[in-house]
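Asker: Pasting the sequence and the predicted coordinates here, then a few questions.
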Amino acid sequence: MENFNNYHFHYSLTANKNSPKIIFLHGFTGNFQDFSSVISLLSKNYCCLAVDLPGHGETRVIGDESCYNMSNTAKALIQLLDDLQIDKCLLLGYSMGGRLALYMTLHFPERFEKVVLESASPGLKTEKERSHRMEADLQLAQNLENSHIKDFLFNWYDRPLFKSLKNSPHFDKLIETRLANNPLELAKSLRNMGTGNQPSLWEKLAQNQIPILLLAGEYDDKFTTINTEIASLCPAARLEIVPKAGHNIHFENIDKFVAVVREFYD
């Protein structure tokens with residue numbers, strides 16, 4: 001990817017540009033609105049930039065599918081920060097956006113002061129694991145292209161990872177916002193930014209010196225285990241287990257989420 005004009009990012013930016021700046025990166029099937037409730041609670045003290053990632057929301061990509069992968073997306077987001085004259089900022093990413101945030105932290109450390117990773121991972125450790133996951137991601141992408149997006153979303157959120165999220169009284173509203181995505185674009189994201197196609201970041205964790213807050217929900221055993229290992233390998237990272245939440249902490253326990261984020265950033 002040579003041309004940053006391939007990316008037409010859709011984003012929201014709160015007005016107080018003299019405050020510390022946070023860039024928010026959403027998860028798969030989400031969009032910039034995923035953090036709107038969080039931003040409403042933080043915007044008095046922070047300038048908040050929320051972006052639709054490639055394949056999501058109203059961001060448009062011109063070019064081949066390599067524009068959707070992690071490396072090129074990270075470079076394009078750095079270019080967006082340059083265009084907005086944001087030299088250094090705080091960073092917060094959830095799930096897929098958390099994986100991307102970790103990649104950006106490790107490859108562009110000079111751009112970030114502190115980083116929050118919510119239910120994120122450094123990818124898969126072995127080529128065999130990545131190969132198996134890539135096959136699964138490709139199958140899911142085909143399902144997206146060949147079925148109704150509503151059916152895909154209900155199947156996606158039927159996984160054990162989202163059990164507590166589905167019990168939320170606001171779950172139907174979450175699904176409604178995700179229906180606005182283009183399934184063909186989501187499929188491109190899944191093929192190129194999915195965990196199977198992501199480069200493993202495990203071996204780079206020890207070199208990181210940027211303060212990182214790792215958040216995992218108490219009901220999310222898988223990512224609690226992953227993030228416990230991250231914390232053991234990365235001296236600059238600390239883990240906090242958030243009560244009364246599963247994978248999507250900022251949706252399931254927003255008050256606690258905002259409190260720990262604010263304390264960390266302050």
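Answerer: Everything's here; your move.
Asker: Do you know the pLDDT at the closest residue to residue 140 other than its chain neighbours?
Answerer: Nearest residue to residue 140 in three dimensions, chain neighbours excluded: residue 190, at 5.8 Å (CB to CB, 6 or more residues apart in numbering). (Each C-beta comes from the backbone N, C-alpha and C, glycine too.) pLDDT for residue 190: 97.
Asker: from what I can see residue 190 touches residue 142, true?
Answerer: No: assessed by CB atoms under 8 Å, residue 190 is found out of contact with residue 142, at 9.7 Å.
Asker: quick one on the thing from earlier: ok, now which ones touch the residue nearest to residue 140?
Answerer: Listed by CB atoms under 8 Å, 6 or more residues apart in numbering, the contact set of residue 190 reads 28, 55, 137, 140, 141, 144.
Asker: Please confirm that the third one is located within a strand.
Answerer: When you say that, I think you mean residue 137. No: assessed with DSSP: H, G, I helix; E, B strand; the rest coil, residue 137 is helix; it does not lie in a strand.
Asker: got a list of what it touches?
Answerer: 190, 191, 194, 195, 196, 197.
Asker: do the same with the first one
Answerer: By CB under 8 Å, 6+ apart, the residues touching residue 28 are 95, 96, 186, 189, 190, 193, 194.
Asker: picking that back up, and the contacts of residue 137, which two are the farthest apart?
Answerer: 191 and 195 (11.6 Å; CB to CB).
Asker: residues contacting residue 23?
Answerer: Contacts of residue 23 by CB under 8 Å, 6+ apart are 49, 50, 51, 77, 81, 86, 89, 90, 91, 92.
Asker: Sitting in helices, which of those do you find?
Answerer: Among the contacts of residue 23, the subset assigned to helices under DSSP state H consists of 77, 81.
Asker: Tell me the most packed of the contacts of residue 23, by neighbour count.
Answerer: In terms of neighbours by other CB atoms under 10 Å, the contacts of residue 23 top out with residue 92 at 29 neighbours.
Asker: confidence score at that residue?
Answerer: For residue 92, the predicted pLDDT is 99.
Asker: follow-up on the earlier one: between the contacts of residue 28, which is nearest residue 62?
Answerer: Nearest to residue 62 among the contacts of residue 28, with distances taken as CB to CB, is residue 189, at 15.4 Å.
Asker: Please report the distance of that closest one from residue 238.
Answerer: For residue 189, the distance to residue 238 equals 30 Å [CB to CB, to the nearest Å].
Asker: And these two? Which one has more around it.
Answerer: residue 189 (25 against 13).
Asker: and the more buried one, that one's in a strand?
Answerer: No: counting by three-state DSSP, residue 189 is located in no strand; its state is helix.
Asker: Is it in contact with residue 67, as I believe?
Answerer: No: counting by CB under 8 Å, residue 189 does not reach residue 67; the two are 10.5 Å apart.
Asker: hey, what's in contact with both of the two?
Answerer: Counting by CB under 8 Å, 6+ apart, the contacts common to residue 189 and residue 67 are residue 54.
Asker: any chance of the contacts of residue 190 in JSON lines, plus pLDDT and distance to residue 203?
Answerer: Listed next are the contacts of residue 190 as JSON lines, based on pLDDT from 0 to 100; distance: CB to CB, whole Å:
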{"residue": "28", "pLDDT": "98", "distance to residue 203": "24"}
{"residue": "55", "pLDDT": "98", "distance to residue 203": "28"}
{"residue": "137", "pLDDT": "97", "distance to residue 203": "22"}
{"residue": "140", "pLDDT": "95", "distance to residue 203": "27"}
{"residue": "141", "pLDDT": "97", "distance to residue 203": "28"}
{"residue": "144", "pLDDT": "95", "distance to residue 203": "32"}
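Asker: Which single one of those is nearest to residue 218?
Answerer: Among these, and counting by CB to CB, the member closest to residue 218 is residue 28, at 22.3 Å.
Asker: To what extent is residue 34 buried, counted in neighbours?
Answerer: 27.
Asker: got the phi/psi numbers for the nearest residue to it once chain neighbours are set aside?
Answerer: Of all residues not flanking residue 34 in the chain, residue 26 sits nearest, at 4.3 Å (CB to CB, 6+ apart). Dihedral angles of residue 26 (phi, psi; degrees, to the nearest 10) stand at phi -80, psi 170.
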